[in-house]
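Trainee: Just to be clear, the model below is a prediction. Sequence and coordinates:
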Amino acid sequence: MAKAKKTKQKATKIQKIAENGKVFISASFNNTLVTITDSDGNALAWGSSGSAGFKGTRKSTPFAATSAVDKVIKTAIENYGLKEVEIYVKGPGPGRDATLRAIRAAGIKIALIADVTPIPHNGPRPKKKRRA
């Protein structure tokens, strides 16, 4: 008796469409990280100044942050049909304002801009006073 051949079928990836999303920007002094998620918080695309091709001190420039955002936004629009975003910015880096301008220039509607930089309310206990 001949065995029946099993044919391998490639699993088709279901394309998820997320018209609304969130953009998380972490702007440190050395780098700028950008993550785009859907409204539930599942990551759709991410990138950084380093992944955009910048090294060393050039990573910490506003231009590097802009090109990182352009790259990430482009993939999110092409793959997921992103149209409207909420932006959450964290950190004091030089890429803060540049990323916002790049998102606006990409043609995506901005619903909200929030600064979520962590600020200590009291901080650690201070050192004891120096003796004279």
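Mentor: Looks like it came in fine. Numbering: from 1, shown residues only.
Trainee: Would you map the helices across this structure?
Mentor: 62-80, 96-105 (DSSP state H).
Trainee: Show me which positions of the last one end up buried.
Mentor: What that stands for is helix 96-105. Arg96, Ala98, Thr99, Leu100, Ala102, Ile103 (16 or more other Cβ atoms under 10 Å). From N, CA and C alone the C-beta is placed, and that goes for glycine too.
Trainee: Can I get it as PDB, trimmed to CA atoms?
Mentor: C-alpha atoms of helix 96-105 as PDB (Å, rounded to 0.1, in the frame of the first residue of the first chain):
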ATOM      1  CA  ARG A  96      12.300  65.300  21.700                       C
ATOM      2  CA  ASP A  97      11.100  68.100  19.500                       C
ATOM      3  CA  ALA A  98      12.600  66.700  16.300                       C
ATOM      4  CA  THR A  99      10.600  63.500  16.600                       C
ATOM      5  CA  LEU A 100       7.300  65.400  17.000                       C
ATOM      6  CA  ARG A 101       8.100  67.400  13.900                       C
ATOM      7  CA  ALA A 102       8.900  64.300  11.900                       C
ATOM      8  CA  ILE A 103       5.700  62.600  12.900                       C
ATOM      9  CA  ARG A 104       3.700  65.600  11.900                       C
ATOM     10  CA  ALA A 105       5.500  65.800   8.600                       C
END
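Trainee: From the chain's centroid, how far away is that helix?
Mentor: A distance of 12 Å separates the centroid of the chain from that of helix 96-105, by Cα atoms, centre = their mean, to the nearest Å.
Trainee: what angle separates it from helix 62-80?
Mentor: Angle, helix 96-105 to helix 62-80, by axes from the mean of the first three to the mean of the last three Cα atoms, to 10 degrees: 40 degrees.
Trainee: Would you mind pulling the contact partners of helix 96-105?
Mentor: Helix 96-105 is contacted from outside by 23, 25, 27, 32, 34, 62-63, 65-66, 68-70, 73, 85, 87, 89, 110, 113, using Cβ atoms under 8 Å, 6 or more residues apart in numbering.
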